[in-house]
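Peer 1: need the 3D shape of this:
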Amino acid sequence: MPQIHRTPLADQAADLLLGRIRAGEWQLGQKLPGETTLAPQLGVGRSTVREAIRQLAGRGVLASRQGAGVFVTALDAPEDWDAVLRRADIVSVIEARIAIESEAAALAATRRTAADVRAIRRTLEHRAAAVASIEEHVDADTAFHRAIIAAAHNPILLDLFDGLTPRLRQTMIEMLRIRVDFGGAEDHRRHVRLADTVIARDADAARAESRDHLLELKDALA
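Peer 2: Reported below is the predicted structural model:
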């Protein structure tokens, strides 16, 4: 069984434990051996094992239950979100937007408040006027779509959208520099229709408008 020889010991111990979990040594929900068993297997002290367990607990792989022990709660550690986005191609990001925004638009249509309506209309007007530069237009467009998602009153959907925004922004700027025709009348009418469906509380239409708009964007980027 491999042992640790270099520092930082706790990081290496966590990596070894995660590797054994990935290999199927312990199943989901199974209890890990105690510190006195794991420490000699890994070639470290019990305090290092405790720190390694804390690391994996923070990543959602293990959970300590008072008086019961340490249990496997996931069979792998999720990759860092920023690293995933850096590696993702832009079409994958648009597909993620379709999943997030189409459902958010439907939820917004059923949950929007008077304050949400004001925010949607304000950002829509700003988007129509933001033609001085491509960067200004992209930022105004993002603010409009964010207002729709905020009206869904689901913080997870909003966090997911915010996580995608930096990855998407530069690509949109580069695409519009090639196309030149940003902020056209038909593009604005589509955004008006999306706003209108949300304001009218038409969930099915809002979902369809959001999805169709983003599918067109995906086709343009592809």
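
Peer 1: whatever helix or strand Asp219 lives in - contacts with which helices or strands?
Peer 2: Using DSSP states H and E, Asp219 sits within helix 203-221. Contacts defined by 3 or more C-beta pairs under 8 Å, 6 or more residues apart in numbering; DSSP states H and E place helix 203-221 against helix 90-111, helix 155-179, helix 185-199. Every C-beta, even on glycine, is put in place using the N, C-alpha and C of the backbone.

Peer 1: which stretch among the ones you listed comes nearest Glu35?
Peer 2: Nearest of those to Glu35, taken as C-beta to C-beta: helix 155-179 at 35.4 Å.

Peer 1: buried residues, the closest one. List them.
Peer 2: 157-158, 160-161, 164-165, 167-168, 172-173, 175-176 (16 or more other C-beta atoms under 10 Å).

Peer 1: circling back to that earlier point, which parts of the helix holding Asp219 are buried?
Peer 2: So, applying 16+ other C-beta under 10 Å, buried residues of helix 203-221: 203, 205-211, 213-214, 217-218.

Peer 1: mean pLDDT for the helices and strands packed on helix 203-221: which is lowest?
Peer 2: Here the lowest mean pLDDT among the helices and strands packed on helix 203-221 goes to helix 155-179, at a mean of 83.

Peer 1: and it, what does it pack against?
Peer 2: Helices and strands touching helix 155-179, by 3+ C-beta pairs under 8 Å, 6+ apart, are helix 81-87, helix 90-111, helix 134-150, helix 203-221.

Peer 1: which residues make contact with the following helix or strand past the second one from outside it?
Peer 2: If you walk from helix 90-111 toward the C-terminus, the next helix or strand you reach (DSSP H and E) is helix 114-129. Helix 114-129 is contacted by residues 108, 112, 137, 140-141, 143-144, 146-148, 150-151, 183, 188, 191-192, 195, 198-199 when judged by C-beta atoms under 8 Å, 6 or more residues apart in numbering.

Peer 1: before we move on, the earlier item: so which of the helices and strands packed on helix 155-179 is nearest Val70?
Peer 2: Closest to Val70 of the helices and strands packed on helix 155-179, according to C-beta to C-beta: helix 81-87, at 25.6 Å.

Peer 1: quick check: mean pLDDT across the closest one?
Peer 2: On average, the pLDDT along helix 81-87 is 61.

Peer 1: let me see the contact set for the residue nearest the centre of the chain.
Peer 2: The centre of the chain sits closest to Leu160, judged by C-alpha atoms, centre = their mean, with a distance of 3.5 Å. Contact analysis of Leu160 by C-beta under 8 Å, 6+ apart lists 96, 100.
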